[in-house]
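**Student:** based on what follows, work out the 3D shape:
(chains A and B)
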Amino acid sequence: MNVCLFELKAQGKGAVLWAASLVGVLLAFLLGTYPLFQEDTQDILRMLSGFPPQFAAAFGMDVSSLFSLGGFYGFAFSYIGLIGAIMAAAVALASFSREKRARCTDFLLTKPIRRRKIFAAKLAAGAVILLAANALYAACCIPILRHGGVPGDKAALACLSLLLTQAVFYAMAVLFATCSRRVRSVSGTAIGFGFAGFILSALVGILKEDAVRFAAPLKYFDPADVFAAGGYGAPYAATGAAIILACLLLSAVLFCRKDARAV
Amino acid sequence: MSAVIETRKLTKFYGGARGIIDVDLTVNEGEIVGFIGPNGAGKSTTIRTLLSLIYKTSGEARIFGLDCHANRVKILQDVGYLPSEVFYYDNMRAIDLLKYSASFYKKDCAARMKALSDALELDLTKKIEDMSLGNKKKVGIVQGLMHSPKLIILDEPTSGLDPLMQRTFFNLVKAENERGAAVLFSSHILSEVQNLCGRVVIIKEGRIISTQKISELRENACKRVRFSAAEPIAPFAAEGATDITAEGGTVSFLFRGDCNRLLAELAKRQLRDIDISEPTLEEIFLYYYN
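**Tutor:** Numbering: from 1, shown residues only, chains lettered A, B, ... in the order given. A predicted model of the protein is given here:
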């Protein structure tokens, strides 16, 4: 419990800023930009037609659905998901590389606490932060979608995309932090994770190849699927779940079994 | 007297690289045992294996009669550890770090924390990142001793402490020992452990090469003598002098025996400079084991 509280205290301020950013970007898209898209549909269509179709696809714009609230949310999620991914990676990296960065692994591991309890406590702290941020996000997002005529179950599932996408990035970053000798910059590495995910998502949009999507974690729980088919694409969701499970299990084993490097 | 630390054929390899090989080490209740060896000899590897920071390749390691790995949590409740280099979460104040450290133990450490901080003249309100190396070390001492451990493991603990603070630290360790704590004191400075320990274990290239009582070590103590004379020196020889080298008017040798005889021998010459010092560990090893 003390390790979990320590982590929550250490990450508290950062988590509030991240949650505020997510909500801020959501509101900017759905309350700021979407009404403009509705008002100036023809102008925007004309503008988009001037670009190669790959350009719009790379930025997450599906012209066929862009002007419905669900379709626009799918476009907005390309960026909200990116921010969420960076946040999740930052939370995981900050927590699981904290002792390595401060070179005080010996301090924590010579305390009378099992390594697996330390791992679980850090995991619990990460879960609390992500769940709290997502609760705030959902509290803002669901009413807006419902107000725009999206059924409640679809609105909830579309909101859940953020938490599930974050879980994938969180798990991958936990594995990275556990395996790395040292994480020099939490924010730099987290941004790297996010943008790698974004580039892979852009490739999915450009290439239109289903197989590429298996390599794009930002697309595993795509809200566009929820609005188009009523649920996530099963093979991609399963891939996401498998990655979460595999990364966390492997991290736990390494965390408990690895020699602590001398400073 | 029961063994607090007991290792049998304890071996650790880092991949193919040698850590320690067949280390047999015993520290009994109430003992202060020096653990000396040159850098890279395997002192820290032995200690880190005992603390379960790293996992043994083979052999046995027991503390309080319990397997170090299987009973790690139970053992660590009663072990205090001070590493050679101390690092903590920089953005914390010392008091917050010590409270966090205390939260892992099933006892109230507040009074002991205060007493130790006062003895070491440590300002607990300061942020750790603003502290000097010596003050960080003091934080390490307090966090290592504040739960009144039954076993104290010190891995080259005096680096960064000024001589006055070293004396205070040694007094604290002695007081803990008188309270009943056993101490394993690793160092590469022989004179440091001589003053504190009853027994020394010498490790070299991953293997224990000798275990001696301090009294025996003192009887066999030797000094490194260097002098330069105003006049050219004829080939130098004296009873008890070995490893004699003469270069550019300076003579150097290891001496063991009656110091009065040595001084009488040196007084025959017009000396320009003289230096009598502790030999290095390497020199001791060469002296004893060659």
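**Student:** and B:Phe285, what pLDDT?
**Tutor:** We have a pLDDT of 62 for B:Phe285.
**Student:** do the same with B:Ala241
**Tutor:** On the pLDDT scale, B:Ala241 is placed at 87.
**Student:** let me see the contact set for the closest residue to it other than its chain neighbours.
**Tutor:** Distances taken as CB to CB, 6 or more residues apart in numbering or on different chains put B:Phe253 closest to B:Ala241, at 4.3 Å, once the chain neighbours are dropped. Backbone N, C-alpha and C define where each C-beta goes, glycine included. Counting by CB atoms under 8 Å, 6 or more residues apart in numbering or on different chains, B:Phe253 makes contact with B:Arg224, B:Val225, B:Phe236, B:Ala238, B:Ala241, B:Thr242, B:Asp243, B:Ile244, B:Thr245.
**Student:** for B:Arg179, same thing?
**Tutor:** By CB under 8 Å, 6+ apart, B:Arg179 lies in contact with B:Ser148.
**Student:** now rank the contacts of B:Phe253 by neighbours and give me the top one.
**Tutor:** Neighbour counts for the contacts of B:Phe253, by other CB atoms under 10 Å in any protein chain shown, peak at B:Val225, which reaches 21 neighbours.
**Student:** re earlier: same list (the contacts of B:Phe253) but as TSV, adding secondary structure.
**Tutor:** Below are these laid out as TSV (DSSP: H, G, I helix; E, B strand; the rest coil):
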residue	secondary structure
B:Arg224	strand
B:Val225	strand
B:Phe236	coil
B:Ala238	coil
B:Ala241	strand
B:Thr242	strand
B:Asp243	strand
B:Ile244	strand
B:Thr245	strand
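**Student:** redo those as CSV? Include distance to B:Cys259.
**Tutor:** What follows is these, written out as CSV (distance: CB to CB, whole Å):
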residue, distance to B:Cys259
B:Arg224, 13
B:Val225, 10
B:Phe236, 17
B:Ala238, 11
B:Ala241, 12
B:Thr242, 15
B:Asp243, 17
B:Ile244, 17
B:Thr245, 20
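**Student:** which among those gets closest to chain A?
**Tutor:** Ranked by distance to chain A (CB to the nearest CB), the contacts of B:Phe253 are led by B:Arg224 at 30.8 Å.
**Student:** contact partners for that closest one?
**Tutor:** Applying CB under 8 Å, 6+ apart, the residues near B:Arg224 are B:Ser252, B:Phe253, B:Leu254, B:Phe255, B:Asp275, B:Ile276, B:Ser277, B:Glu278, B:Pro279, B:Thr280, B:Glu283.
**Student:** for B:Gly134, same thing?
**Tutor:** Contacts of B:Gly134 by CB under 8 Å, 6+ apart are B:Gly160, B:Leu161, B:Asp162, B:Met165.
**Student:** now a PyMOL select for only the buried ones of the residues you listed.
**Tutor:** Buried members of the contacts of B:Gly134 can be picked out in PyMOL with the line below, counting by 16 or more other CB atoms under 10 Å in any protein chain shown:
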select buried, chain B and resi 160+161+165
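**Student:** quick one: least confident of the contacts of B:Gly134?
**Tutor:** B:Gly160 (78).
**Student:** how about that one, secondary structure?
**Tutor:** Going by three-state DSSP: B:Gly160 is coil.
**Student:** verify the contact between it and B:Val139 for me.
**Tutor:** No: if you go by CB atoms under 8 Å, B:Gly160 and B:Val139 don't touch, sitting 11.3 Å apart.
**Student:** by neighbours, which of the contacts of B:Arg224 wins?
**Tutor:** B:Phe255 (23 neighbours).
**Student:** that one is in contact with B:Phe227, isn't it?
**Tutor:** No: using CB under 8 Å, B:Phe255 is not in contact with B:Phe227, being 11.1 Å away.
**Student:** pretty sure A:Gln54 sits in a strand.
**Tutor:** No: A:Gln54 is assigned helix when assessed by three-state DSSP, not a strand.
**Student:** burial count for the spatially closest residue to it that is not a sequence neighbour?
**Tutor:** Excluding the flanking residues, the one nearest A:Gln54 by CB to CB, 6+ apart is A:Ile206, at 4.7 Å. Close neighbours of A:Ile206, defined as other CB under 10 Å, add up to 16.
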